[in-house]
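> sequence first, predicted model second:
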Amino acid sequence: MTTLEDATPTPAVTPVVLGGARGGPSVPTLRKDRWWIQPVVTVAVLTAFVGYASWAAFVNKDYYVGTSLHRDLISPFYSPCLTGSCVPGSHPGTVITWWTISPALLILIFPLGFRMTCYYYRKAYYRSFWLAPPACAVSDAHGSYSGESRFPLLFQNVHRYFFYFGLVFNVILTVDAIVAFSQPGIGIGFSVGTAVLLINATLLWLYSLSCHACRHLCGGGVKQFSSSPIRHKIWKALTPLNAKHMMFAWLSLVFVAFTDFYVRLVASGTIHDYGFHF
Ligand code: FES
C-alpha cells in the first residue's frame, strides 16, 4: 500500500549556521526568512543611542536655550538641572552643591535604569546582543540558561520601582514643555522647540502608561473586576496602549535623543528656533 508519506517524501532541510565557521556563536535554524534583520537593527539603534547619550551627557554644554535667545528650552538629558554646575537660568535653584561634573550623569541614572530594565527592551537586547535566542525558532547561542533568577539579572526586577521614578521625570519634562511656551523678553509664544518638547513629553507618557508594570499596578491582582470598577476602567484604557508598548519604546527613545539634539543645535547657534508670540 502506498501512503501519502511514500508519495511525497519530505525534502531534507539543512540548518543554517551563523558564525560557527568563524569561531563565533553557532546559531542553527531551519528558518529561511531574514530573521536576523530585527536583531541587527536593534543592535544598531541601541548602540547609536547609547553612544549619542553618553557623548551628550559628558559634553556638559549647549543643553539650555535661555533669555539671550528669548527661549526657555532645556534638553531632557539635563532636566531637572539641580547641581552647582548647571548653566544660569537652567535650574530653579541649586540643590546639590557637591556635584561639580555634568548634571546629566546624575539625572540619566533614572531614565536609563527604567529603560534598561523594561520588559520589552530586555527581550530586545537579550535577543540581539546576547543571542539568547536571537529570534523565534533560532537556537540559543549559549549552552545554559539561568533566566533572571540569579545575580546580576535578578536586578531586572527593580523595574517596577524605576517605573515610579519614570513618572516623576515625565511630570518634570511636561512642566519643561509648558515652560517652553514662555519667550523671555517677548511674552508667550510657540516655537518649533515648544513642539519638540511637547511631543517628547507625550511620547514619554505613552511609553510609561503602556508599561507592563503600570498595567499590572492598575489592574493586576484583582480577583473580580466587578468589585473594582474604577481599576477595571483604568486597566481597560491601558490595555490597548500596552499592546503598542514596543512602538512607544522605540519612538520615545529616538525622539528623546532628537529633542536633546534640537536643543543643542539652537543653544549652540547652529540653527534658529522659529516660532511666533502673542
Ligand atoms: S515594560 Fe517597558 S517600560 Fe515597563
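Looks like it arrived, so ask away. Numbers count the residues shown, from 1 in each chain.
> so Gln156 touches Lys123, yeah?
No: here Gln156 does not reach Lys123: they are 11.3 Å apart, not a contact under Cβ atoms under 8 Å. In this view, the C-beta of every residue, glycine as well, is placed from N, C-alpha and C.
> Leu198 - that's part of a helix, no?
Yes: assessed with DSSP: H, G, I helix; E, B strand; the rest coil, Leu198 lies in a helix.
> show me what contacts it?
Contact analysis of Leu198 by Cβ atoms under 8 Å, 6 or more residues apart in numbering lists Ala177, Ala180.
> output the set of residues of this protein in proximity to the ligand.
Within reach of the ligand by Cβ under 6 Å from any ligand atom, the chain has these residues: Cys118, Tyr119, Tyr120, His159, Phe163, Cys211, His212, Ala213, His245.
> Serialize those residues to JSON lines and add fields for neighbour count and pLDDT.
Below are the residues of the chain next to the ligand laid out as JSON lines (neighbours: other Cβ atoms under 10 Å; pLDDT from 0 to 100):
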{"residue": "Cys118", "neighbour count": "23", "pLDDT": "98"}
{"residue": "Tyr119", "neighbour count": "14", "pLDDT": "96"}
{"residue": "Tyr120", "neighbour count": "18", "pLDDT": "97"}
{"residue": "His159", "neighbour count": "21", "pLDDT": "97"}
{"residue": "Phe163", "neighbour count": "19", "pLDDT": "97"}
{"residue": "Cys211", "neighbour count": "27", "pLDDT": "98"}
{"residue": "His212", "neighbour count": "17", "pLDDT": "97"}
{"residue": "Ala213", "neighbour count": "20", "pLDDT": "96"}
{"residue": "His245", "neighbour count": "20", "pLDDT": "98"}
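> helices of the protein, start to end?
Shown for the chain, the helices assigned by DSSP state H span residues 4-7, 37-59, 104-107, 109-116, 119-128, 159-179, 192-209, 212-219, 229-243, 245-267.
> make JSON lines from the ones you listed and add distance to His277 to it.
Below are those laid out as JSON lines (distance: least, Cβ to Cβ, whole Å):
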{"stretch": "helix 4-7", "distance to His277": "77"}
{"stretch": "helix 37-59", "distance to His277": "29"}
{"stretch": "helix 104-107", "distance to His277": "30"}
{"stretch": "helix 109-116", "distance to His277": "31"}
{"stretch": "helix 119-128", "distance to His277": "40"}
{"stretch": "helix 159-179", "distance to His277": "15"}
{"stretch": "helix 192-209", "distance to His277": "11"}
{"stretch": "helix 212-219", "distance to His277": "37"}
{"stretch": "helix 229-243", "distance to His277": "35"}
{"stretch": "helix 245-267", "distance to His277": "16"}
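> which one of those helices has the poorest average confidence?
Of all the helices of the chain, helix 4-7 carries the lowest average pLDDT, namely a mean of 45.
> name the nearest residue to the residue of the stretch 151-278 of the chain found nearest the ligand, sequence neighbours excluded.
Nearest residue of the stretch 151-278 of the chain to the ligand: Cys211, at 3.1 Å (Cβ to the nearest ligand atom). Among residues not flanking Cys211 along the chain, Phe163 sits closest, at 5.8 Å (Cβ to Cβ, 6 or more residues apart in numbering).
> quick check: that neighbour touching Ser210?
No: when contacts are counted by Cβ under 8 Å, Phe163 is not listed as touching Ser210 (11.4 Å).
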